[in-house]
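Asker: Have a look at this fold, sequence not included:
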């Protein structure tokens, strides 16, 4: 059973070192992954994460729990990361512009002149084994980790927060200042690419 | 065949909204009718679900031990600063 954030915040106010370590270990991996989208190096991303934790300590007495701790953490993180990103002159901090690249290539669907317009030309290939059954070998996980790292930054952080961390769509919109529509599109495309990568590996030879 | 009045291309576009339970009742009914009739889309939906389950097992890189150590040091000096304040105050 995990201790709730609220309880950890109370312990933190009382100066409990374990509580601080627990919070740092709980949130820093996702914070790093988000910060990385705004700055040029992993080192700077680590600085941003550290500065966010220091800001929490400094502001802990004013932290009233009106927003959840993690919402607060990510909002402060993104602000610090954007400032650092601008200072580093990284051209577009995270450009949340959503292009119009479809999740599934249009040539997978039949043309308007065919018998079944916009239905599959060929069904998606079955996977020869379920990726979950290969989890033990770590193959599927390695594959998904590396494909995740290759996604465009904005897709990567939305998929990470939604599917790796399991945050809800409303929270992700609030954390990243995204509209619901853009959040959905980024998630949709990111997941489609992860599926494609798994299909390339687990797809049955046809 | 009744594909719920939507094409496979439209189905694919609705998958994320469906999984987030954002479709209104009639779109949801069409979506479910389509998936019941179309093995290709049923497979697509299963594969997206399996992908999210694998993503749920991914662990992200932690903070480096050096950075974590610095943070814990900063915590200790923050704490001693606070106890100093409360003693004098």
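Answerer: Perfect, I can see it now. Worth saying up front: this structure is predicted, and the values here are computed from it rather than measured. Residues are numbered from 1 along each chain as shown, chains lettered A, B, ... in the order given.
Asker: which secondary structure elements does the helix or strand where residue A:79 lies contact?
Answerer: Assigned by DSSP states H and E, residue A:79 belongs to helix A:69-87. Here helix A:69-87 is seen to pack against helix A:5-13, helix A:17-35, helix A:42-59, helix A:169-176 when contacts are counted using 3 or more CB pairs under 8 Å, 6 or more residues apart in numbering or on different chains; DSSP states H and E. Where you see a C-beta, it was placed from the backbone N, CA and C, and this is true even at glycine.
Asker: Name the helix or strand of chain B that has the lowest mean pLDDT.
Answerer: None of the helices or strands of chain B scores lower by mean pLDDT, DSSP states H and E than helix B:65-88, at a mean of 86.
Asker: quick one: that helix to helix A:5-13, angle?
Answerer: Between helix B:65-88 and helix A:5-13, the angle formed by their directions is 60 degrees, by axes from the mean of the first three to the mean of the last three CA atoms, to 10 degrees.
Asker: Helix B:65-88 and chain A, any residue contact?
Answerer: Yes - part of helix B:65-88 sits near chain A under the criterion CB under 8 Å from any CB of the partner chain, namely B:67, B:68, B:70, B:71, B:72, B:74, B:75, B:76, B:78, B:79, B:82, B:83.
Asker: got the contact list for the helix or strand just after the helix holding residue A:79?
Answerer: Using DSSP H and E, the next helix or strand after helix A:69-87 towards the C-terminus is helix A:139-150. Contacts of helix A:139-150 with the rest of the structure, by CB atoms under 8 Å, 6 or more residues apart in numbering or on different chains, involve A:131-132, A:134-135, A:156, A:159-160, A:164, A:193-194, A:197-198, A:201-202, B:51, B:54-55, B:57-58.
Asker: give the contact list for residue B:47.
Answerer: A:124, A:127, A:195, A:198, A:199.
Asker: Repeat that for residue A:31.
Answerer: By CB under 8 Å, 6+ apart, residue A:31 lies in contact with A:48, A:49, A:52, A:73, A:74, A:77.
Asker: just checking, the fifth one touches residue A:33?
Answerer: Put plainly, it is residue A:74. No - under the contact definition of CB atoms under 8 Å, residue A:74 does not touch residue A:33, with a separation of 10.9 Å.
Asker: which of the two has more neighbours?
Answerer: Neighbours per residue (other CB atoms under 10 Å in any protein chain shown) separate residue A:74 from residue A:33, with residue A:74 holding more: 27 against 21.
Asker: Give me the neighbour count for the nearest residue in space to the more buried one that is not next to it in sequence.
Answerer: Distances taken as CB to CB, 6 or more residues apart in numbering or on different chains place residue A:175 nearest to residue A:74, at 4.1 Å, with adjacent residues excluded. With neighbours defined by other CB under 10 Å, the count for residue A:175 comes to 23.
Asker: One more: residue A:203?
Answerer: By other CB under 10 Å, the residues close to residue A:203 number 15.
Asker: go on, residue A:105?
Answerer: Using other CB under 10 Å, the number of residues around residue A:105 comes to 10.
Asker: now swap in residue B:24 and tell me
Answerer: The burial metric for residue B:24, expressed as a neighbour count using other CB under 10 Å, is 8.
Asker: Can you pull the phi and psi angles for it?
Answerer: Recorded main-chain torsions at residue B:24 are phi -70, psi 170, according to degrees, to the nearest 10.
Asker: Check what pLDDT it gets.
Answerer: Taken from the predicted model, the pLDDT recorded for residue B:24 is 96.
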